[in-house]
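Undergrad: A predicted structure for the sequence below; I have some questions about it.
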Amino acid sequence: AQSVTQPDIHITVSEGASLELRCNYSYGATPYLFWYVQSPGQGLQLLLKYFSGDTLVQGIKGFEAEFKRSQSSFNLRKPSVHWSDAAEYFCAAGGSQGNLIFGKGTKLSVKP
Amino acid sequence: GAGVSQSPSNKVTEKGKDVELRCDPISGHTALYWYRQRLGQGLEFLIYFQGNSAPDKSGLPSDRFSAERTGESVSTLTIQRTQQEDSAVYLCASSLEQGRNSPLHFGNGTRLTVT
């Protein structure tokens, strides 16, 4: 069955520290992959997407993600976290006919 | 231009009542999706529409749930005889077209509370 797993429910990092949020997928074919962010009281916003080609993709707000086929992973990274990055982050994989399958999300807290 | 608009933003209803949630997609977007997000959970796919094709209803949790879409515009999600477990945020998203090259644009959701 197709699935997306985000192993970390909640992560706390200090402001200025680096960040990596994990995402693993189970899929029958090469998926297309997304990271979305949901800030409190806001809708989901697309951070970045991977369709094909370069396995390191750049997104908005200084985020990047790397597709690793051998590990079935698409981890999200940021070199230096800002307090405004505190939010919930969702990884998603392309379903058949365009539907997206979402992970359960990772809540990021940022310590001053 | 305007994003995806959902109304109401909040809805409190009594158990057993019917509710109707509305979604206005981005103009020109042919694909429209409904997701449910329960507290502390990920997004659960409910249904999607693509143009005039038959909708994919595979995610609807029970026959109390139904959705309609008029052409390529407004969609309504109806929940009949609401139960407490229906309490969640219902998210609507639209995309330019169905398929991998069209990211979803989400509305802010309708928070449904069933008392």
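TA: Nice, I can see it. Numbering: from 1, shown residues only, chains lettered A, B, ... in the order given.
Undergrad: going by C-alpha atoms from here, please, whenever you check contacts or count neighbours.
TA: Noted.
Undergrad: tell me the residues of chain A that contact chain B?
TA: Selection of chain A residues close to chain B by Cα under 8 Å from any Cα of the partner chain yields A:32, A:41-46, A:51, A:90, A:94, A:97-105.
Undergrad: flag the shaky bits of chain B, pLDDT-wise.
TA: Applying pLDDT under 70 to chain B flags the ranges B:1, B:98-101.
Undergrad: show me where it has helices.
TA: Using DSSP state H, no helices are found in chain B.
Undergrad: ok, for residue B:91, nearest residue in space, not its chain neighbours?
TA: residue B:109 (4.4 Å; Cα to Cα, 6 or more residues apart in numbering or on different chains).
Undergrad: what sits against the one you found?
TA: Residue B:109 sits next to A:43, B:6-7, B:9, B:89-92 when contact means Cα atoms under 8 Å, 6 or more residues apart in numbering or on different chains.
Undergrad: what residue lies at the spatial centre of chain B?
TA: residue B:34 (3.1 Å; Cα atoms, centre = their mean).
Undergrad: what sits closest to it if chain neighbours are left out?
TA: In space, residue B:34 is closest to residue B:92, 4.6 Å off (Cα to Cα, 6+ apart).
Undergrad: who's in contact with the one you found?
TA: B:4, B:6, B:23, B:32-35, B:106-107, B:109.
Undergrad: what about the spatially closest residue to residue A:68 that is not a sequence neighbour, neighbour count?
TA: Of all residues not flanking residue A:68 in the chain, residue A:74 sits nearest, at 6.4 Å (Cα to Cα, 6+ apart). Each residue near residue A:74 was counted by other Cα atoms under 10 Å in any protein chain shown, and the total is 27.
Undergrad: for residue A:74, list each beta-bridge partner.
TA: On the basis of DSSP bridges, residue A:74 is bridged to residue A:67.
Undergrad: how near is it to residue A:19?
TA: According to Cα to Cα, to the nearest Å, residue A:74 and residue A:19 sit 14 Å apart.
Undergrad: please apply the same query to residue B:81.
TA: Taken as Cα to Cα, the span from residue B:81 to residue A:19 is 44 Å.
Undergrad: what about those two, which has more around it?
TA: residue A:19 (19 against 14).
Undergrad: follow-up on the earlier one: now the residue nearest to residue B:91: phi and psi?
TA: Note on residue B:109: backbone dihedrals following degrees, to the nearest 10 are phi 90, psi 160.
Undergrad: need the strands for chain A, in chain order.
TA: A:3-5, A:10-14, A:19-21, A:24-26, A:33-38, A:44-50, A:56-58, A:64-68, A:73-78, A:87-94, A:100-102, A:106-111 (DSSP state E).
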